[in-house]
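A.B. asks: build me a model from this:
(one chain, ligands or ions: 1)
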Amino acid sequence: MAEPTFRAPKGTRDILPPESGRRRALIDAFAQQAELAGFGEIMSPIFEDLGVFKRLGESTDVVTKEMFDFFDKGDPPQHLALRPELTASVCRAFAEHRPTPPWKVWYEGPQFRYEQPQAGRYRQFAQVGIETLGTDDPQADVDAIALGWHFYESLGLREITLLLNSLGDPTCRPAYMDALRTYLSDNAASLSPQSQVTLERNPLRVLDSKRDEDAAIISAAPLMVDFLTDETREHFETVRAGLDQLGIPYELSPRLVRGLDYYTRTTFEFAADALATAQNAVGGGGRYDGLVEDLGGPATPGIGFALGVDRILLACDAEGVFATPEPAVKVFVVDVTGGSHALGVCTTLRNAGIGADRSYGGRSMKAQMKVADRSGAPFAAIIGEDEVANGEVTLRDLRGDTGQQRIALVDLAEHVTRLLS
Ligand code: HAM
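C.D. replies: Got it, this is the predicted structure:
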């Protein structure tokens with residue numbers, strides 16, 4: 001095959017059928033479960049004012065290195081960015097519309113981060129997620145985590161580990177940050193050059209380093225859990241008790257800081273044990289009790305998560321679960337009289353809710369049967385001169401062994417419906 005003139009940009013992919021159908025099924029399943037739990041869908045813009053995303057943290061890679069930002073053609077031009085995630089957009093929407101709390105929304109869609117692409121890491125990737133704004137009840141944290149956990153379970157995934165931590169709140173954070181900064185500064189010479197730079201901006205981010213040179217220093221660093229105030233500790237313990245009550249297993253992960261700066265108190269990540277560790281985070285989330293206020297809204301606590309659709313599907317492949325859905329086309333209409341009869345038959349079947357397809361170009365019976373086989377449809381409806389003369393079709397079972405039979409056209413839809421059930 002000749003080299004194409006253009007390819008999809010680096011870090012992006014075309015998702016073609018039937019894989020696209022599998023994604024759609026995953027998103028539909030998530031939508032259904034989120035709606036059952038009282039979440040309504042939010043559809044927000046794919047780009048926002050850059051300022052919205054700056055609130056994710058001036059020391060995070062997402063903001064400093066990975067933003068797809070641009071100026072529009074306005075006068076003066078507005079500095080915009082493609083969304084790297086949706087929590088900030090949801091909080092911006094909350095501050096703008098002031099819905100009655102608690103406000104529970106779910107979302108799905110593409111996100112954009114200028115990352116170094118590799119397996120499971122893309123520049124355009126899809127997330128599904130939920131956010132609950134306006135309550136700091138730890139039960140809301142449990143509800144959110146449970147929704148994520150049960151979603152993976154419903155796909156058939158069994159090798160998911162829930163990692164849990166509390167990042168404290170503005171009351172206990174300063175003392176911890178002081179202790180961490182002092183410890184890391186004392187050991188700065190042993191940190192990687194990148195982490196030395198990070199330390200200046202946000203010591204917490206150093207804990208997020210995956211570089212081998214940093215591992216020893218990080219493993220002995222002070223832990224947030226040892227600095228929690230009584231109130232934050234109690235909040236965390238209620239979250240843990242709720243997970244225990246639901247029988248959801250978790251691992252305490254005291255060094256889990258996550259890649260965004262807005263987190264307070266409960267933070268969690270879902271790791272797929274079937275994937276390589278560098279890209280095994282199939283979802284994550286937590287509380288962000290200061291973000292709405294940061295975006296100009298009223299003080300409003302929030303909790304939510306986002307799950308990475310691309311990585312979940314990789315994990316499903318690795319575990320051999322959540323297969324591609326059956327093709328929607330159930331009857332492939334093979335018309336050897338020129339093609340015009342297939343028009344009516346397809347329409348009748350589709351109007352009866354039965355997937356139907358056909359070939360074009362008046363091809364031979366053999367050629368059309370080949371396409372019918374390839375389509376995955378369980379039945380072929382064959383129309384020849386004799387069938388037309390009698391107002392019938394020949395219905396052939398393409399998968400089972402029930403052979404073929406002549407059916408009156410008027411009975412076709414009902415007959416197929418019966419066979420399919
Ligand atoms: P995040 O951890 O940055 O959190 O992303 C959530 C998930 O999106 C990750 O666990 C991963 O599965 C997927 N993901 C992230 N980056 C990529 C990439 N480059 N390629 C493929 N998949 C990726 C957030 O986005 C927060 N907004 C989650 C949240 C919601 N926190 C509170 N509410």
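
A.B. asks: how about the helices in the stretch 51-200 of the chain?
C.D. replies: With helices called from DSSP state H, counting those that start in this stretch, the stretch 51-200 of the chain shows them at 61-64, 87-97, 138-155, 173-186, 193-201.

A.B. asks: select, out of those helices, the one closest to the ligand.
C.D. replies: If you check each of the helices of the stretch 51-200 of the chain against the ligand by C-beta to the nearest ligand atom, helix 87-97 wins as the nearest, at 3.9 Å. All C-beta spots, glycine's among them, are computed from the backbone N, C-alpha and C.

A.B. asks: so what secondary structure elements neighbour that closest one?
C.D. replies: Applying 3 or more C-beta pairs under 8 Å, 6 or more residues apart in numbering; DSSP states H and E, one finds that helix 87-97 contacts strand 47-49, helix 50-54, strand 103-112, strand 124-133, helix 291-294, strand 302-308.

A.B. asks: could you identify which of these is most buried?
C.D. replies: strand 302-308 (a mean of 25; mean count of other C-beta atoms under 10 Å).

A.B. asks: any part of the helix or strand following it near the ligand?
C.D. replies: Toward the C-terminus, strand 302-308 is succeeded by helix 309-319 as the next helix or strand (DSSP states H and E). Yes. For helix 309-319, a contact with the ligand is found by C-beta under 6 Å from any ligand atom, at Asp310, Arg311.

A.B. asks: now Pro203: how far from the ligand?
C.D. replies: According to C-beta to the nearest ligand atom, to the nearest Å, Pro203 and the ligand sit 20 Å apart.

A.B. asks: equivalent analysis for Glu58, please.
C.D. replies: Relative to the ligand, and taking C-beta to the nearest ligand atom, Glu58 is found at 16 Å.

A.B. asks: want to throw the helices and strands packed on helix 87-97 into a markdown table with distance to His150?
C.D. replies: Formatted as a markdown table, the helices and strands packed on helix 87-97 follow (distance: least, C-beta to C-beta, whole Å):
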| stretch | distance to His150 |
| --- | --- |
| strand 47-49 | 31 |
| helix 50-54 | 30 |
| strand 103-112 | 14 |
| strand 124-133 | 12 |
| helix 291-294 | 26 |
| strand 302-308 | 12 |
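
A.B. asks: which among these is found nearest to Gly344?
C.D. replies: Nearest to Gly344 among the helices and strands packed on helix 87-97 is strand 103-112 (37.6 Å), distances taken as C-beta to C-beta.

A.B. asks: what does the stretch 51-200 of the chain put close to the ligand?
C.D. replies: Glu85, Leu86, Thr87, Arg113, Glu115, Gly120, Arg121, Tyr122, Phe125, Gln127, Gly129, Glu131.

A.B. asks: got TSV for these, with pLDDT too?
C.D. replies: Shown next, in TSV, are these (pLDDT from 0 to 100):
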residue	pLDDT
Glu85	97
Leu86	98
Thr87	98
Arg113	97
Glu115	95
Gly120	95
Arg121	96
Tyr122	98
Phe125	98
Gln127	98
Gly129	98
Glu131	98
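
A.B. asks: thinking again about what came up before, want to throw the helices of the stretch 51-200 of the chain into JSON lines with mean neighbour count?
C.D. replies: Shown next, in JSON lines, are the helices of the stretch 51-200 of the chain (neighbours: other C-beta atoms under 10 Å):
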{"stretch": "helix 61-64", "mean neighbour count": "17"}
{"stretch": "helix 87-97", "mean neighbour count": "22"}
{"stretch": "helix 138-155", "mean neighbour count": "20"}
{"stretch": "helix 173-186", "mean neighbour count": "16"}
{"stretch": "helix 193-201", "mean neighbour count": "16"}
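
A.B. asks: Gly21 is nearest to which of these?
C.D. replies: Gly21 sits nearest to helix 138-155 of all those, at 14.8 Å, using C-beta to C-beta.

A.B. asks: most centrally placed residue in this protein?
C.D. replies: Taking C-alpha atoms, centre = their mean, the centroid of the chain lies closest to Gln127, which sits 2.7 Å from it.

A.B. asks: ok, and the closest non-adjacent residue to that one?
C.D. replies: Among residues not flanking Gln127 along the chain, Ala306 sits closest, at 4.3 Å (C-beta to C-beta, 6 or more residues apart in numbering).
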